[in-house]
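1. return a 3D structure for these sequence lines:
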Amino acid sequence: MRAAVHDALPAAAIETVPLSQRVAESVSQPRFATAVLGAFAIVALALASVGLYGVLSYNVSQRRRELSVRAALGAAKSDLVRLVIREGLGATATGLALGLVTAAGLTRLMQSVLFGVGPLDLVAFAAAPFILIPIAVVACLLPAARAARTDPIEALRAE
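-> Alright, predicted model coming up:
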């Protein structure tokens, strides 16, 4: 092919590049944007996890007297743990619902940087709850277990 072009146009400069290199060059910018968005997603997940734990832990510490009174009146430790987990998961479910609705609305704005994924990709929207709900359970269990271990008499005296 190079010889045929040289015979037809002897002064023409011929640049040959493998197709794989052309394809790599054409997707390098979207791939970089996807990597940056992925890094931000990981940071957001870490911040959400730490924030969720912090809010739940603070909520339990604010309710320490109430939980101690419940324990003093005969509430089982498992009941206290269940109460804290139920309330924490309720708040998490509300946050997830609002987040998914907001994300569904904002994907229209990000459609130009989505590469190989539709704006309302079911896998991406299902992944968020599957990742965040176990994190929320752990974030609820830690403060709940700490609240259940607290001696009611010591907690009431401290107040």
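
2. center of the chain - which residue?
-> Per CA atoms, centre = their mean, the C-alpha nearest to the average position across the chain is that of L45, at 3.6 Å.

3. my guess is that residue contacts I131. True?
-> Yes. In terms of CB atoms under 8 Å, L45 counts as a neighbour of I131; the distance is 6.8 Å. No exception for glycine: its C-beta is placed from N, CA and C like everyone else's.

4. biggest helix in this structure by residues?
-> Longest helix of the chain, by residue count under DSSP state H: helix 19-62.

5. which stretches in the chain count as helices?
-> With DSSP H as the criterion, the chain has helices spanning 2-8, 19-62, 64-72, 77-106, 122-149, 152-158.

6. which elements pack onto the fourth one?
-> Contact analysis of helix 77-106 by 3 or more CB pairs under 8 Å, 6 or more residues apart in numbering; DSSP states H and E lists helix 19-62, helix 64-72, helix 122-149 as its packing neighbours.

7. who wins for proximity to L96 among the ones you listed?
-> In terms of CB to CB, the element of the helices and strands packed on helix 77-106 nearest to L96 is helix 122-149, at 5.5 Å.

8. average pLDDT across stretch 87-106?
-> Across stretch 87-106, pLDDT averages out at 88.

9. dump the helices and strands packed on helix 77-106 into TSV; add distance to A8 and mean pLDDT as well.
-> Shown next, in TSV, are the helices and strands packed on helix 77-106 (distance: least, CB to CB, whole Å; pLDDT from 0 to 100):
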stretch	distance to A8	mean pLDDT
helix 19-62	23	85
helix 64-72	87	82
helix 122-149	51	83
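
10. make JSON lines out of those helices and add distance to T102.
-> Rendered in JSON lines, the data for the helices and strands packed on helix 77-106 read as follows (distance: least, CB to CB, whole Å):
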{"stretch": "helix 19-62", "distance to T102": "13"}
{"stretch": "helix 64-72", "distance to T102": "33"}
{"stretch": "helix 122-149", "distance to T102": "11"}
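
11. to L89, which of the ones you listed lies closest?
-> helix 122-149 (6.0 Å).

12. output the contacting helices and strands for the closest one.
-> The helices and strands touching helix 122-149, judged by 3+ CB pairs under 8 Å, 6+ apart, are helix 19-62, helix 64-72, helix 77-106.
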